[in-house]
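1. sequence and predicted model, in that order:
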Amino acid sequence: PDWMPSISAWVQLMHPEDRAATLAAIVETMEISRQISVEYRVIHADSSIHYVLCRGGMVGATEDSNWSQLGVCLDITERKRTEESVLRLAAIVDASTDAIVSARFDGTIISWNKSAERMYGRLATDVLGRSLFDVVVLHQNLNVHAQMERIRNGETLSLPDLVWTKPDGSRVDLAVTFAPIRDQAGNLVAVCSIAHDVTERKAAEKAMAESEARLKAVIENTTDRIWSLDRQYRVLVANTASIAAAVAEYDLPLVVGESALDSPFGPEVRAFWQPIYDRVLAGETVKLVDITPKQGTPLELVLHPIRDPGGNVSGVAARATDITERVRLEAALRNSEARLKAIIENSSDMIWSVDREYRILVANTACIESTKSAYGHALAPGDSVIDAPDAPIVREMWRPHYDRALTGQQDRFEFDSPLRLGRTMECFLDPIRNEHGEVTGVAGRITDITERLAAEAQVRENMQRLRLAQDAAGIGVWNWNIADDTLVWDDR
C-alpha cells in the first residue's frame, strides 16, 4: 500500500550503482527495438540486497495503443550467490599450492589448476579434455583404473608415498588424496585428486633419519654410559654400556619405559639417585664424581635437563664416564709433582720461575732464604723480582737477562755473590713455553761454582807442570782414541 508501480518507483528500487547502466540498456532497447536482458540489484524494504534478471522487449503499436515494453523480472539472488561461491572456490583452488585436478569417471580431465601445471610439468591447455590415465602415471605399481573404480564406489583414497616423474625427468614425491565429487542430488559425477608436494619433507625426514642413525651409532659405540628419563623417572633411552653397567651393579638391566628408581632396584638406588634427578628436573645441570658400590669404578657423572620447545624441563639426559685411567694419571702426576717439588726444595741451588711481568710463580727455599738475606725480605708468589725495595741495582743487573730469556733465548752468566765474598755463582735463565710454543715466563737456576772453578784451575796448573816435566825428561806423548781408532803423536 506504500508503493505504487511506476517507472520512477521502479528505478528507486534499483541499487544506486546499477541505475544508470540498467536505464541505459532499457533506452537502447526502445531505440533499436530489440530484446533486453539485464541484471541489476534491488534494495528491499528491509534493506537487504537482491539480484534481479530482467528480460523483455518492445510490443508493436495497434489501433488502440502505442509502442510499449513487455518483460519479466526474475529473482536470481540464490543463483548469484552460488556463482560467487563457485568463483571464490575457483580462486582458492587456483591459488592453492597443492595440485588439484578433477576428471570424469571415464578419465576425461575437466580441471587442472596452476599448481598442477607446476607440479606435473604440463599446462592446463595441453591436458584438458585428455584422459587422466594417459597424463598422470604416478607410480608404476599404482593401478589407476582400479583406484578409480574404488572412488566410483564412494571411497576416499589417501596415497602418501607416490612418485611423479616430470617430462623433464625430475622426480617429485607426492602425497595424493582421491575423493569423489557429487552433484546437488548426491550423485557421483567426477573424481578430484589433491596432490601435495612432499619432496622437501621427505628429504628432511631422510636427513633426520640419517642424523638419528649417526647419533644412535655414536651413543651405542661409546664406552660412556648414556641414558635419559622422563619426569616420572621412566627410562627413555639407554645405550648398551648403561644397560651392561646396570646388570653388573644391580643384576638388572635398564628397560625403556620402566622406572629407573622403583623396585626391583632397591631403596638404596632411589636414595642416591632421586635427589640428583630432582635437581636436574628443577633445571639444574649436575656434575659429580662417584664410585660404583659393587665394582668400585670411579665415574664422572654429568646430568642435563631436557627441555621441550617451550623451554619446560621434560626429562633428564645423563652420561657416566669411567675415569679409572684419568684417576690413575692424576695420581701419577701428583706423585711426580711431589717428587719434583722434593728435589727442588732439597737442592742447594736457587730455583725459581717468573711470568712475563717478572712476578714470582715458584721459588724454592734456597731462593727465598738467599733473597731474604740479600734484600731483607723473602720473595713470595706474585712479588716482582726486579723491583726489590731499596735495591735499584737489581733491576739494572737482572732485567736485561730476563728480557733475553723472554725473547726465547737461553741466557747464562756468572757473577760474584753479594752475600758470600769470594764465591762465584753461575745463573741459567730458560724460556718457559706453553703448548702453542709461546713464551709465558722464565725459569731460573743459580749454582755456586766456586769449587768447580778452583778444580778447573788446579787441573790446568797440573797439566802445565806435566808438560814441563815431559820437556825436561825428553818424553814423547801419544794419544790413541779407541772409539774412532785414531792415533795422535806429539812432535817429540
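-> It's in. Source: prediction; values computed, not measured. Numbering: from 1, shown residues only.

2. and the residue most central in space within the chain, what element?
-> By Cα atoms, centre = their mean, the chain has its centre lying nearest to S211, at 11.5 Å. Using DSSP states H and E, S211 sits within helix 199-221.

3. for that helix, packing partners?
-> For helix 199-221, the contact count by 3 or more Cβ pairs under 8 Å, 6 or more residues apart in numbering; DSSP states H and E identifies strand 171-182 as packing neighbours. Heads up, the C-betas are built off the backbone N, CA and C, glycines and all.

4. let's see 10 Å
-> strand 157-165, strand 171-182, strand 225-230, strand 235-238, helix 240-250 (3 or more Cβ pairs under 10 Å, 6 or more residues apart in numbering; DSSP states H and E).

5. what packs against the last one?
-> Translated: helix 240-250. helix 199-221, strand 225-230, strand 235-238, helix 267-281, strand 313-322.

6. about what we covered before: if I look at the residue nearest to the centre of the chain, how far off is N239?
-> 17 Å (Cβ to Cβ, to the nearest Å).

7. for A320, same thing?
-> From A320 to N239 the distance is 11 Å (Cβ to Cβ).

8. for H44, same thing?
-> 77 Å.

9. neighbour count winner among those two?
-> Neighbour count, other Cβ atoms under 10 Å: between H44 and N239, N239 has more, with 21 against 9.

10. how about the contacts made by that one?
-> Listed by Cβ atoms under 10 Å, 6 or more residues apart in numbering, the contact set of N239 reads 216, 218-227, 245, 254, 319.

11. where does the prediction get shaky in the stretch 301-450 of the chain?
-> 388-394 (pLDDT under 70).

12. which residues in it form helices?
-> 324-345, 365-375, 392-406, 450-473 (DSSP state H, counting those that start in this stretch).

13. now, of those, which is deepest in the fold?
-> Stretch with highest mean neighbour count among those: helix 365-375 (a mean of 17; mean count of other Cβ atoms under 10 Å).

14. hang on, isn't A116 packed against S193?
-> Yes. In terms of Cβ atoms under 10 Å, A116 counts as a neighbour of S193; the distance is 8.9 Å.

15. when those two are compared, which one has more neighbours?
-> More crowded of A116 and S193, by other Cβ under 10 Å: A116, with 26 against 23.

16. circling back: what sits in contact with each of A320 and N239?
-> Taking Cβ under 10 Å, 6+ apart as the criterion, A320 and N239 both touch 224-227, 245.

17. comparing the helices and strands packed on helix 240-250, which comes out most buried?
-> Ranked by mean neighbour count, these are led by strand 225-230 with a mean of 21 (mean count of other Cβ under 10 Å).

18. can you list the strands that that strand pairs with?
-> strand 235-238 (antiparallel), strand 313-322 (antiparallel) (DSSP bridges).

19. so which of those strands is nearest R445?
-> Among the strands paired with strand 225-230, strand 313-322 comes nearest to R445, with 40.4 Å by Cβ to Cβ.

20. quick one: the closest one to helix 199-221, angle?
-> With axes from the mean of the first three to the mean of the last three Cα atoms, to 10 degrees applied, the angle from strand 313-322 to helix 199-221 works out at 40 degrees.

21. any chance you could give me strand 313-322 in CSV, C-alpha atoms only?
-> Provided in CSV are the C-alpha atoms of strand 313-322 (Å, rounded to 0.1, in the frame of the first residue of the first chain):
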residue,chain,number,x,y,z
VAL,A,313,62.0,-29.4,31.5
SER,A,314,60.6,-32.6,30.3
GLY,A,315,63.3,-35.1,31.4
VAL,A,316,66.9,-35.8,32.2
ALA,A,317,69.8,-36.7,30.0
ALA,A,318,72.7,-38.4,31.8
ARG,A,319,76.2,-39.5,31.0
ALA,A,320,78.6,-41.5,33.2
THR,A,321,82.3,-41.8,32.1
ASP,A,322,84.7,-44.3,33.5
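
22. quick check: angle from it to helix 267-281?
-> Going by the same axes, to 10 degrees, strand 313-322 makes 120 degrees with helix 267-281.

23. just give me the neighbour total for S170.
-> Applying other Cβ under 10 Å, we find 10 residues neighbouring S170.

24. pull the contacting residues for it.
-> S170 touches 121, 164, 199, counting by Cβ under 10 Å, 6+ apart.

25. and it, its phi and psi?
-> The phi/psi pair for S170 (degrees, to the nearest 10) reads phi -70, psi 150.

26. try G382
-> Main-chain dihedrals, G382, degrees, to the nearest 10: phi 100, psi -20.

27. what about it, distance to R339?
-> According to Cβ to Cβ, G382 and R339 sit 26 Å apart.

28. what does V189 give?
-> Applying Cβ to Cβ, the value for V189 to R339 is 97 Å.

29. can you check W398 too?
-> Counting by Cβ to Cβ, the gap from W398 to R339 is 30 Å.

30. which regions of the stretch 101-250 of the chain sit below the pLDDT cut-off?
-> For the stretch 101-250 of the chain, the stretches with pLDDT under 70 are 136-144.

31. now the strands for the stretch 1-150 of the chain?
-> 36-43, 49-59, 68-75, 99-103, 109-112 (DSSP state E, counting those that start in this stretch).

32. any idea how far the fourth one is from the chain center?
-> In this case it means strand 99-103. A distance of 40 Å separates the centroid of the chain from that of strand 99-103, by Cα atoms, centre = their mean, to the nearest Å.

33. CA atoms only: put that strand into PDB for me.
-> Below are the C-alpha coordinates for strand 99-103, written out as PDB (Å, rounded to 0.1, in the frame of the first residue of the first chain):
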ATOM      1  CA  ALA A  99      47.900 -29.700  -7.400                       C
ATOM      2  CA  ILE A 100      44.200 -30.000  -7.700                       C
ATOM      3  CA  VAL A 101      42.800 -32.000 -10.700                       C
ATOM      4  CA  SER A 102      39.200 -33.200 -11.400                       C
ATOM      5  CA  ALA A 103      38.100 -35.700 -14.000                       C
END
